[in-house]
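# Take a look and give me a structure for this.
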Amino acid sequence: MTLAEHTTAKVVHDDLEIFYRRFGKPGACPVLIVHGLSYFSYDWIAVAHALAKDREVVAIDMRGFGDSGRSPERHYRLKDFSGDLIAVLDHLQWPRAILVGHSMGGRVSLCTAAWHQQRVAGLAAVDFAPDVAAEGRMGVAQRIGNQPDFFESVDHALQYHGHNPALPADAPLRKRYEAFLKPVDGKFELKRDLHFRDGFRDVLQGIKQAPEADLWSMVRGLTMPTLFLRGSHSDMFAPETMDKLRRENPRCEVQEIDGGHNLAGDNPQALTAMLQTFFQTI
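Residues are numbered from 1 along each chain as shown. Here you go, the predicted model:
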């Protein structure tokens, strides 16, 4: 796979480096993309490039993910992630931006829109809603909560995540896992802090975690243009939650396109088209 042309850089916040990929040139309102829990900025390269025809688009690696730094003190609360987003906006000298957040990145983006309304021109939550479907939640808990510290090989990582370990060397999915793995002492470490694995181990053991924010209250308070977008085959965003979003805040646009939870990978063309249409309302 040939990656779309872009530049990369890092910004320091809270003594951590936040890695980002930058696309396009100044024009219309810029866009900041925030990935989900099992993803990183690499997964958004094609969509970010497509969105950057008339504006700048930046996709970040959240703290603890990809090529961003990890917090030794495990400072991974919503306030920490949101602070990183504002630090990136400040570094880029963007007074306001449209936030596009997928899954966990949607949660962080929603909180940022609620806490820093003056900095957020619009919010697009991609396969994210405050209520997470039970089936998807348990699937994520099992997959991440049972993750080993290290993988013996790229093949091992592919197999663990349900993919064919015999993929050829030039297969895009193999290239993706090679990018999301870091060689360590002859083995491979996933570029995601084990803090997140350990949190899901607690979930599997029945240890409840207190919510950090009232997300539905945040939805009700949104006044900027907002899009909640569901993948039609998603196991994380239940169909009935679409109507709940409409009831809780009639100002929000709620749409659905074909695909599963990973819309940037499943249906990038439809996702790009939907986002471009939404941007025209801002």
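# Could you give the number of residues near residue 158?
Residue 158 has 22 neighbours, counted by other C-beta atoms under 10 Å. C-beta coordinates here come from the backbone N, C-alpha and C atoms, glycine included.
# repeat for residue 282
Residues near residue 282, counting by other C-beta under 10 Å: 15.
# what helix or strand does the closest residue in space to it that isn't next to it in sequence sit in?
Spatial nearest neighbour of residue 282, chain neighbours left out: residue 122 (4.3 Å); criterion: C-beta to C-beta, 6 or more residues apart in numbering. In the assignment (DSSP states H and E), residue 122 maps to strand 120-126.
# and if you look at residue 19?
strand 16-23.
# quick one, the helix or strand just after that strand and strand 120-126 angle?
Where DSSP H and E defines the elements, the next helix or strand beyond strand 16-23 is strand 28-34. For strand 28-34 against strand 120-126, the angle by axes from the mean of the first three to the mean of the last three C-alpha atoms, to 10 degrees is 40 degrees.
# still on that earlier bit, from memory the residue nearest to residue 282 sits against residue 101, does it?
No - taking contacts as C-beta atoms under 8 Å, residue 122 lies outside contact range of residue 101: 11.5 Å.
# could you list every residue that touches the residue nearest to residue 282?
29, 98-99, 224-227, 278-279, 281-282 (C-beta atoms under 8 Å, 6 or more residues apart in numbering).
# the longest helix in the chain is where?
helix 78-92 (DSSP state H).
# Sheet partners, orientation included, of the next helix or strand after that helix?
Counting by DSSP H and E, the next helix or strand C-terminal to helix 78-92 is strand 97-102. The strands beside strand 97-102 in its sheet (DSSP bridges) come out as strand 28-34 (parallel), strand 120-126 (parallel).
# Out of those, which is closest to residue 200?
Of all the strands paired with strand 97-102, strand 28-34 sits nearest to residue 200, with 19.9 Å by C-beta to C-beta.
# Do you know the pLDDT at residue 2?
As summarised for this prediction, residue 2 has a pLDDT of 67.
# still on that earlier bit, packed most tightly, which of the strands paired with strand 97-102 would that be?
Stretch with highest mean neighbour count among the strands paired with strand 97-102: strand 120-126 (a mean of 25; mean count of other C-beta atoms under 10 Å).
# list the helices and strands the helix or strand following that strand packs on?
Per DSSP H and E, the first helix or strand lying C-terminal to strand 120-126 is helix 134-145. Contacts defined by 3 or more C-beta pairs under 8 Å, 6 or more residues apart in numbering; DSSP states H and E place helix 134-145 against helix 194-204.
# which helices and strands sit right next to the helix it packs on?
Using 3+ C-beta pairs under 8 Å, 6+ apart: helix 194-204 touches helix 134-145.
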